[in-house]
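J.: Sharing a model prediction with you, sequence too.
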Amino acid sequence: MPSEPVMSRDALAAFLDDVFPQLHHAGPGPVLVSVGPLAATMRLPYHERHLRPGGTISGPAIMALADVALYAAILANVGPVALAVTTNLSFNFMRKPEPRDLIGEARLLKLGRSLAVGEILIRSEGYDDLVCHATGTYALPPRRD
């Protein structure tokens, strides 16, 4: 397991902007906050396009944050592998998010040669209580060593 990420926050943010420009289509999308050993943190800026009826942040917006946060944690620790793909995501929605930015903290539980497994904790900015707990698995393309 890496002791330090192989991609810096700035390098990974630039890579995500290059390979996923649609993240920011029609308004603010997830923003990479930090990377660390087997981890990444992303912020979803509050925007009314993420709201559902009733004024809460929608499940699809929360799910997208979880997915991209896990992707970021993987890439930060294996390098720029655009073709890593989600094979499974599971969500437990814990409470209604506050009308503010969401913070997604992804942590890799296993980083293997062909699969990566992790969990994502999502909170409303400034609150300790979880909005969502997610787990996911990514398939990794063969690496050249």
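T.: Great, that's in hand. Everything numeric in this text was worked out from a predicted model, so none of it was measured.
J.: Tell me the first helix or strand C-terminal of the lowest-mean-pLDDT helix or strand in the chain.
T.: Least confident helix or strand, the chain: strand 51-52 with a mean of 79, by mean pLDDT, DSSP states H and E. Heading C-terminal from strand 51-52, the first helix or strand you meet, by DSSP states H and E, is strand 56-57.
J.: what about the helix or strand that that following strand is followed by, distance to the chain center?
T.: Counting by DSSP H and E, the element after strand 56-57 in chain order, helix or strand, is helix 59-78. Distance of helix 59-78 from its chain centroid, counting by CA atoms, centre = their mean, to the nearest Å, is 2 Å.
J.: Buried residues of helix 59-78, list them for me.
T.: For helix 59-78, a neighbour-count test (16 or more other CB atoms under 10 Å) marks 61-78 as buried. All C-beta spots, glycine's among them, are computed from the backbone N, C-alpha and C.
J.: Mind listing residues that contact the least confident helix or strand of the chain?
T.: 57-59 (CB atoms under 8 Å, 6 or more residues apart in numbering).
J.: Same list, these, but as CSV with distance to residue 34 please.
T.: Formatted as CSV, the contacts of strand 51-52 follow (distance: CB to CB, whole Å):
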residue, distance to residue 34
57, 22
58, 25
59, 25
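J.: In this protein, where is pLDDT below threshold?
T.: Flagging of the chain using pLDDT under 70 yields the residue ranges 1-2, 24-27, 144-145.
J.: Which residue ranges of it form strands?
T.: Taking DSSP state E, the strands of the chain run over residues 31-36, 39-44, 51-52, 56-57, 85-93, 102-111, 115-124, 130-139.
J.: Give the partner strands of the fourth one in its sheet and their orientations.
T.: Which is strand 56-57. With DSSP bridges as the test, strand 56-57 is paired with strand 51-52 (antiparallel).
J.: Ok, the second one next?
T.: Based on DSSP bridges, the pairing partners of strand 39-44 within the sheet are strand 31-36 (antiparallel), strand 102-111 (antiparallel).
J.: And the longest one, what's buried?
T.: Which is strand 102-111. Judged by neighbour count (16+ other CB under 10 Å), strand 102-111 contains these buried residues: 102-108, 111.
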